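A.B. asks: Sequence plus predicted model, see below.
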Amino acid sequence: MKLSEIASSLGLRLDGADLEINGIAGIEEAGPGQITFIANPRYAAAARSTRASAIIVADDFPAIPLPTLRSDNPYLAFARAIELFYHPPRYSNGIHSTAAIHDSARLGKHASVGPFVFIDEDVVIGDNCVLLPHVAIYRGARIGENFFAHAHAVVREYCQLGDNVILQNGAVVGADGFGFAKDNSGHWHKIVQSGPAVLGDDVEVQANACVDRASVGETRIARGAKIDNLVQVGHGCRVGEDTLLCAQVGLAGSTQVGNQVILAGQVGVAGHCKVGDRAVATAQSGIPNDVAAGTTVSGYPAVENRQWLRSVAVFNKLPELAKAVRELAGQRTSESPALQPSNSKPKP
């Protein structure tokens, strides 16, 4: 594929020779015949040492000897360029003979249902669904168009999924929330989790992540939210539009997360907390209280990021500060007679 064809397909501007491109790779791995990208200015120097034949850069990136495709969003352009070279498997329409589908279930046009799929009674799934082996859809589920469920994904009873939802391998939507009440004898009584999980359009839940159903009401994931591997969304939570929950994030019950929030890897949020729109929590932060919209927090308990960085800087100096304190205390002891031990005998 010529660079000019890539530029035309993606709406980019070509500077330099119109070369033949046969693949795409990261800047350090790319070789002759491949195209790469730079989105972070920190890697600008790598543009002069890469073995790639061409590079996608920002509109204001300095001129370099390599042919460049210029974009106002080079990372997005790179993501779209991958689609020109890699085509994921396509699945033919039809229902495998080993699939178990209840007579009352309704599937839209162009369905592809793989081996050992289970679809319970009163399920409705829209057009163009793909259900790979061992997917299980419990009774009463309502699922929109272009649903793609990878092997071993599960949608529990009465859950509702919008259009263009993707469930990666082992994702579970609507498992019971963790709800128990202690009785008078000290035993735990299970609280029935009666409320469904509801996923909006364009939501993706990745491998082995869990979105629990609610005890009452619902657990809701809004349009465009993306949930990474091994994330736990507790019962009754609400997650806003275009929010990212990265790997191993945990939301305790009834947490409310706003729109366009980013919770980085291993962030934990205590129950009933509110995280405002466009807030960011850096990796391994622990959030025990509400977070205001538009703020970046770090650490545990999570505080404003700049305050956390100052605190970490002080923490790293604690051994040196402790030594200075001990030396100062020793110096004051030696200089103050009042602090010297007395050898005189007490008067009778």
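C.D. replies: Cool, got the structure.

A.B. asks: For Thr50, list the residues it contacts.
C.D. replies: 27-28, 30, 36, 66 (Cβ atoms under 8 Å, 6 or more residues apart in numbering). Just so you know, the C-beta spots here come from the backbone N, C-alpha and C atoms, and that holds for glycine as well.

A.B. asks: Tell me where the protein is predicted with low confidence.
C.D. replies: Residues of the chain that meet the criterion pLDDT under 70 lie in 335-348.

A.B. asks: Point to the residue nearest the middle of it.
C.D. replies: Cys246 (2.6 Å; Cα atoms, centre = their mean).

A.B. asks: I'd like to know which of the contacts of Thr50 are buried.
C.D. replies: 27, 30, 36, 66 (16 or more other Cβ atoms under 10 Å).

A.B. asks: pretty sure the last one contacts Ile55?
C.D. replies: Spelled out, it's Leu66. Yes: Leu66 lies in contact with Ile55 (Cβ atoms under 8 Å); the separation is 5.4 Å.

A.B. asks: Report the set of residues contacting both of those two.
C.D. replies: Joint contacts of Leu66 and Ile55 (Cβ under 8 Å, 6+ apart) are Ala47.

A.B. asks: Distance of the closest residue to Ile166 other than its chain neighbours relative to Val257?
C.D. replies: Once flanking residues are discounted, Ile166 sits nearest to Glu204: 4.3 Å by Cβ to Cβ, 6 or more residues apart in numbering. Separation of Glu204 from Val257 (Cβ to Cβ, to the nearest Å) stands at 16 Å.

A.B. asks: for Arg326, same thing?
C.D. replies: The value you get for Arg326 to Val257, if Cβ to Cβ is used, is 46 Å.

A.B. asks: ok, these two, which is more surrounded?
C.D. replies: Val257 (28 against 10; other Cβ atoms under 10 Å).

A.B. asks: for that one, phi and psi?
C.D. replies: phi -120, psi 130 (degrees, to the nearest 10).

A.B. asks: What are the neighbouring residues in contact with Asp120?
C.D. replies: Counted by Cβ under 8 Å, 6+ apart, Asp120 has contacts 102, 105, 137-141, 157.

A.B. asks: what about Asp15, how many neighbours?
C.D. replies: 17.

A.B. asks: again, but for Ser104
C.D. replies: 12.

A.B. asks: what about the spatially closest residue to it that is not a sequence neighbour, how many neighbours?
C.D. replies: Once flanking residues are discounted, Ser104 sits nearest to Glu121: 4.6 Å by Cβ to Cβ, 6+ apart. With neighbours defined by other Cβ under 10 Å, the count for Glu121 comes to 12.

A.B. asks: so Glu121 makes contact with Tyr138?
C.D. replies: No: contact criterion Cβ under 8 Å: Glu121 and Tyr138 do not qualify, at 9.4 Å.

A.B. asks: Where do the helices of the stretch 1-150 of the chain begin and end?
C.D. replies: Per DSSP state H, counting those that start in this stretch, the stretch 1-150 of the chain carries helices over the ranges 3-10, 74-85.

A.B. asks: Show me the one of those that comes nearest Ile95.
C.D. replies: helix 74-85 (28.7 Å; Cβ to Cβ).

A.B. asks: list the contacts for Glu320?
C.D. replies: Glu320 neighbours (Cβ under 8 Å, 6+ apart): none.

A.B. asks: helix, strand or coil for it?
C.D. replies: Classification of Glu320 by DSSP: H, G, I helix; E, B strand; the rest coil places it in helix.
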